[in-house]
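[1] let's see this in three dimensions:
(one chain, ligands or ions: 3)
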Amino acid sequence: MDNNLQTARLFSCNNLFFLLLLLSSNLITLFISITFSSSCSLKPQLQPSAVEPPPPASTEDEKRETSNLAAADLPPEFIAFTSPQKLPFGFNKNFDSDQIFPPVGSPCTLFPDELRRYMSYKVNGSCPDDEILAQKLLLRGCEPLPRRRCRPAAAAASAEPYPLPDSLWSTPPDSSVVWTAYTCKNYSCLINRGRTQKGFDDCKDCFDLNGREKNRWTEKRTSNLDFTIDEVLAVKKPGSVRIGLDIGGGTATFAVRMRERNITIVTTSMNLNGPFNNFIASRGVVPLYISISQRLPFFDNTLDIIHSMHVLSNWIPTDLLHFFIFDIYRVLRPGGLFWLDHFFCVGDQLAEVYAPLIESVGFEKVKWEVGRKLDRGPELNEMYLSALLEKPLKNSW
Ligand SMILES: *[C@@H]1O[C@H](CO)[C@@H](O)[C@H](O)[C@H]1NC(C)=O
Ligand SMILES: *[C@@H]1O[C@H](CO)[C@@H](O)[C@H](O)[C@H]1NC(C)=O
Ligand SMILES: *[C@@H]1O[C@H](CO)[C@@H](O)[C@H](O)[C@H]1NC(C)=O
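    Ligands and ions are numbered 1, 2, ... in the order given. Down below sits the predicted model:
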């Protein structure tokens, strides 16, 4: 009972905070976003709920009322997971506490219907086959999703992956995927969809390893926006780029190319109408299932390189993008490279919003190439920026 009460209070405070955050974030210019988001008073509102334990209820009635509410609104498995968990050996100096609050994205409770469906399953049974529901919740901010005590949907019979190095450029067996969430029901459909399907799909032709993927980042194209991997690596001493991240890396051809150069790259991807994470893993490189909203799960000053193509663009709310680029700066080591590959926006936005935003973070410019994006017609005045940025070796703090 006590646990439920605390959870309910914790979440109502956080909901309020996120509502404020939503209301305050918008597509205004850098000037306004710096003035408001760096000096606004959201911080003091976050701290009481996130750091200090919630105050005890004043009366028994109030206590009962709140816990009834929690029980009615939140699925029992959700409460079981998020309730404070006592450490078996009591107070721990590292935690500075005798309990843990297992984390979920604070917005989870803003979507009670979806959350209830997501957390309804038989404990120790099979999870529902609900990838679309889970991804929607996650993309809206319920990230991380709560853990579940059930077994995820999987094909009735799977096979071992192809061995390295064959796996890097092979289409995996269809049995490595649960196809429920996707329009295509097998890899041959995904490979051909660039030619056969109308309409937009994220990374529509990426599953075709014999198509455009084959030469990405290895062949110098005619455009000043296309850097090659070798040209980028040549900026640093041989061997000094060893580990890194590709944000929104599609089917992870970047990571595969880097692996062929003995560089370890982790690739973040969603599964937007395609089994991107399964495919990446089947190739033999590491997929990371986090959205662009999630704090990068790496320590400060650690990675040698971060690459991102087509993903960081003007569809991302400006404040979120500003936080994101600072997070990239944070995890890159001094001397680390940020390869912003084909950042996309419209005409004046580059000069007025995005160039100042990127420049404000503190990278040194190694390459900075701007070009027109013409695939949807010149009248739309669309622009690309490809940049190679370096975190300073000295005085990066
Ligand atoms: C949990 O599920 C497994 C597999 O179905 C079963 O073997 C086991 O007995 C179950 N355990 C409990 C405690 O129900
Ligand atoms: C793959 O799926 C498509 C429909 O999405 C179907 O027409 C085709 O026969 C399937 N191919 C194989 C090899 O299963
Ligand atoms: C990668 O490492 C292996 C084993 O150390 C080595 O034989 C190979 O030459 C390296 N490849 C490249 C491209 O550096």
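
[2] from here on, contacts and neighbour counts on C-alpha atoms
    Will do.

[3] flag every residue of the stretch 251-397 of the chain that's near ligand 3.
    Those residues of the stretch 251-397 of the chain that sit near ligand 3, judged by CA under 6 Å from any ligand atom, are 260, 261, 262.

[4] the last one reaches residue 242, doesn't it?
    Read it as residue 262. Yes - under the criterion of CA atoms under 8 Å, residue 262 makes contact with residue 242 at 7.3 Å.

[5] who has more neighbours, those two?
    Higher neighbour count among residue 262 and residue 242: residue 242, with 16 against 13, using other CA atoms under 10 Å.

[6] picking that back up, just the closest of the residues of the stretch 251-397 of the chain next to ligand 3 to ligand 2, please.
    residue 260 (30.1 Å; CA to the nearest ligand atom).

[7] tally of neighbours for that closest one?
    12.

[8] from residue 211, how far off is it?
    Separation of residue 260 from residue 211 (CA to CA, to the nearest Å): 19 Å.

[9] point me to the residue of this structure nearest ligand 3.
    residue 261 (4.1 Å).

[10] over to that residue. Which of the three states is it?
    Here residue 261 is recorded as coil under DSSP: H, G, I helix; E, B strand; the rest coil.

[11] repeat that for the one 5 residues further on.
    Classification of residue 266 using three-state DSSP returns strand.

[12] near it, how many other residues are there?
    Residues lying near residue 266 (other CA under 10 Å) number 20.

[13] quick check: it touching residue 249?
    No - Residue 266 is beyond contact range of residue 249, at 9.0 Å (criterion: CA under 8 Å).

[14] kindly report the residues of the stretch 151-300 of the chain close to ligand 2.
    Along the stretch 151-300 of the chain, the residues adjacent to ligand 2 under the rule CA under 6 Å from any ligand atom are 184, 185, 186, 188, 189.

[15] out of those, which sit inside strands?
    Secondary structure defined by DSSP state E assigns none of those to strands.

[16] need the residues you listed in a markdown table with pLDDT and neighbour count, can you?
    Below are those laid out as a markdown table (pLDDT from 0 to 100; neighbours: other CA atoms under 10 Å):
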| residue | pLDDT | neighbour count |
| --- | --- | --- |
| 184 | 95 | 17 |
| 185 | 97 | 15 |
| 186 | 97 | 17 |
| 188 | 96 | 13 |
| 189 | 95 | 14 |
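
[17] so which of those are in helices?
    188, 189 (DSSP state H).

[18] can you tell me which strand in the protein is longest?
    When the chain is parsed with DSSP E, its longest strand is strand 332-346.

[19] and residue 392, how many residues sit next to it?
    Residue 392, neighbours per other CA under 10 Å, totals 17.

[20] for it, grab phi and psi.
    Dihedral angles of residue 392 (phi, psi; degrees, to the nearest 10) stand at phi -60, psi 140.

[21] residue contacts, it?
    334, 335, 336, 362, 363, 364 (CA atoms under 8 Å, 6 or more residues apart in numbering).

[22] just checking, residue 231 is part of a helix?
    Yes - counting by three-state DSSP, residue 231 is found in a helix.

[23] now do the same for it: its pLDDT.
    Residue 231 carries a pLDDT score of 96 in this model.
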